[in-house]
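Chemist: Sequence first, predicted model second:
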Amino acid sequence: MNVHIRDVLGLLMAPPGCRRAGKMSGSKDAGTWAVLTLEPAGQGAGRGHSYDSTGTAMSDSAIRITAPRDGLYEVNAGAVIGSYQTDGKIGYARVAVAKGQTEGSQFEANAFVKFGCHRIRNSHRSGTGTATIPLRAGEWIAMAGYAEGGAWMFSDDKENAGAATYLEMRWVGDLP
């Protein structure tokens, strides 16, 4: 009876979830994909907006969030892409979130969510995306970005955008 009532109720009241802020990145070449490095949960510029309800089971890597159990997961992502040069310009920018990818160039073809980034000003682009996906325990997701026009980077500490570049995943139900 505990398995059918207590355990299910506990899962529904405290489902596994993790949100991690993007880490300030170094320069990326224009026209190339790059994987986002994530701050440990509760640390860095977005520490007030990040968490791992499993302790560290979901946030045990610098680039990914791992599913602790089989299920459907809601994935939310946001990115601020800025020019690496002072007064630089960014052209088109886009972001992709994929399962099990570590190479930036593989993200676009294998992404379950892709989004373009709108203009904040000449030197910055911003965007968000969301999807609900099935994952098995141990499968993981990561995020990569791409920009044209000049050298670029994720987030921009001058604008305190570290909290706006993030990757989040929450369990929302059993697999169908």
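Modeler: In hand now; what should we look at? Numbers count the residues shown, from 1 in each chain.
Chemist: Count the residues that sit near residue 119.
Modeler: Applying other CB atoms under 10 Å, we find 13 residues neighbouring residue 119. Where C-beta positions appear, they are placed from N, C-alpha and C, glycine not excepted.
Chemist: If you could redo that for residue 167, that was the one I meant.
Modeler: 26.
Chemist: do the same with residue 53
Modeler: The local packing of residue 53 (other CB under 10 Å) involves 16 other residues.
Chemist: and the closest residue to it other than its chain neighbours, what are its phi and psi?
Modeler: Nearest non-adjacent residue to residue 53, counting by CB to CB, 6 or more residues apart in numbering: residue 17, 4.8 Å away. Phi and psi for residue 17, reported as degrees, to the nearest 10, are phi -160, psi 150.
Chemist: which residues does residue 17 bridge with?
Modeler: With DSSP bridges as the criterion, residue 17 is bridged to residue 170.
Chemist: in a helix, that's where residue 106 is, yeah?
Modeler: Yes: per DSSP: H, G, I helix; E, B strand; the rest coil, residue 106 lies within a helix segment.
Chemist: Looks like it contacts residue 99 (just checking).
Modeler: No: the criterion here is CB atoms under 8 Å, and residue 106 misses it with residue 99 at 11.0 Å.
Chemist: rewinding a little: ok, the residue nearest to residue 53 to residue 175 distance?
Modeler: In this view, residue 17 and residue 175 are 17 Å apart by CB to CB, to the nearest Å.
Chemist: Tell me which of those two has more neighbours.
Modeler: Between residue 17 and residue 175, residue 17 has the larger neighbour count (other CB under 10 Å), namely 19 against 10.
Chemist: And the pLDDT at the more buried one?
Modeler: Reading off the confidence values, residue 17 has pLDDT 96.
Chemist: go on, residue 65?
Modeler: Residue 65 is assigned 98 on the pLDDT scale.
Chemist: count of neighbours near it?
Modeler: Using other CB under 10 Å, residue 65 is surrounded by 28 other residues.
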